[in-house]
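A.B. asks: Prediction below, plus the sequence it came from.
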Amino acid sequence: MNKIDLKKDWKHLYQPSAREVTQVEVPPLKYLMVDGEGDPNTSPEYAQAVEALFAVSYTAKFMLKKGPQALDYAVMPLEGLWWADDMSVFAGNDKARWQWTMMILQPAFVADDTINAAMAEVRRKKKLPGVDRLRLENFSEGRCAQILHLGPFSEEGPTIARLHAFIDARSGRRGKHHEIYLSDIRRANPQKWKTIIRHPMQ
C-alpha cells in the first residue's frame, strides 16, 4: 500500500528554504479548525484543542486505511493562525491576550462525512472536551510569503522580521500570522525545531 504524503507532493508549500523568503500561491484548502485565546504554554483550552485536532485527524486516517479503498496517508502537521485585537500586544509577546486558530489540513480525498464520523467516534470513545469546538472549514490564503525557521519559538523574531521586510517591500501584509509546526516538540531538541512562518501578501 502506497502512503500519500502531501508535504512531499506540495514541496513548495511545506518544504521552504531557511535561507531565503519565497513567495507562494496557496490554494483553497480544507482544515479541521478550533479557535481560542490565551497563552499556548499554560492554557488548558489550547492543550485540549491540539489533542482533539490530532485525535480526530488520526481517527479519520485509520477509518480510510481500514475502508474499502484501503487508502493510507500521512496526517498533516499542526498549523496555527495567531493575532491579537491590539497588535502591539502580539508584538510585545503578551501571550495571555493572544488569539489563535489551531488547525490540521485534511486531504481533499477525505470526505466531510469521514471527518464527521471520526469526530463522533472520538467523542464517544475518548470524551475529549475539545472535540465539540472543532469545525471543518475551507481556508484560502492566496498569495503569501514564507520562510523556514530553525530553532525554538522564542527565537523567531529575526525570522519574522525578514519575512515582514520581504512583504512590505513588495505589496504590504494582510491576514494573520501563520505558523506550521513540522517538528514533534515533545521529542526534538529545541535548536532543531522546524517551523514554517507564513504571511499573506496584499
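C.D. replies: Structure's in. What do you need? For clarity, every value in this text was computed on a predicted model and none was experimentally measured.

A.B. asks: From now on I want contacts and neighbour counts done on CA atoms only, so please keep to that.
C.D. replies: Fine.

A.B. asks: per-domain residue ranges of this protein.
C.D. replies: Split into domains by automatic domain parsing, the chain comes to 11-27+142-202, 29-139.

A.B. asks: Which stretch among these approaches residue 5 most closely?
C.D. replies: Nearest to residue 5 among the domains of the chain is domain 29-139 (5.2 Å), distances taken as C-alpha to C-alpha.

A.B. asks: For the closest one, measure first residue to last.
C.D. replies: 5 Å (C-alpha to C-alpha, to the nearest Å).

A.B. asks: Number the chain from 361, please
C.D. replies: I'll keep to 361 as the first residue from here, and by that count the last item is domain 389-499.

A.B. asks: circling back to that earlier point, quick one: the domains of the chain as CSV, columns for mean neighbour count and distance to residue 364 too.
C.D. replies: Shown next, in CSV, are the domains of the chain (neighbours: other C-alpha atoms under 10 Å; distance: least, C-alpha to C-alpha, whole Å):
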stretch, mean neighbour count, distance to residue 364
domain 371-387+502-562, 17, 13
domain 389-499, 17, 4
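
A.B. asks: can you redo those domains as CSV with distance to residue 363?
C.D. replies: Formatted as CSV, the entries for the domains of the chain read as follows, by distance: least, C-alpha to C-alpha, whole Å:
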stretch, distance to residue 363
domain 371-387+502-562, 16
domain 389-499, 5
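
A.B. asks: Can you lay out those as JSON lines showing mean pLDDT?
C.D. replies: Putting the domains of the chain into JSON lines (pLDDT from 0 to 100) gives the following:
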{"stretch": "domain 371-387+502-562", "mean pLDDT": "96"}
{"stretch": "domain 389-499", "mean pLDDT": "93"}
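
A.B. asks: Please enumerate the helices of this structure.
C.D. replies: In order along the chain, the chain carries the following helices (DSSP state H): 366-369, 371-374, 404-426, 447-451, 472-485, 517-528.

A.B. asks: still on that earlier bit, among the domains of the chain, which is nearest residue 362?
C.D. replies: Residue 362 sits nearest to domain 389-499 of all the domains of the chain, at 6.9 Å, using C-alpha to C-alpha.

A.B. asks: picking up where we left off before, so which of the helices of the chain gets nearest residue 554?
C.D. replies: helix 371-374 (10.8 Å).

A.B. asks: contact partners of that closest one?
C.D. replies: 367-368, 384, 386, 556 (C-alpha atoms under 8 Å, 6 or more residues apart in numbering).

A.B. asks: switch the cut-off to 6 Å
C.D. replies: Outside helix 371-374, the residues that touch it by C-alpha atoms under 6 Å, 6 or more residues apart in numbering are residue 367.

A.B. asks: Output it as CSV, restricted to C-alpha atoms.
C.D. replies: Taking C-alpha atoms only, helix 371-374 is exported to CSV below (Å, rounded to 0.1, in the frame of the first residue of the first chain):
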residue,chain,number,x,y,z
LYS,A,371,7.1,20.8,-1.5
HIS,A,372,6.7,24.5,-2.4
LEU,A,373,4.2,24.9,0.5
TYR,A,374,5.7,22.5,3.1
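
A.B. asks: Right, I'll leave it there.
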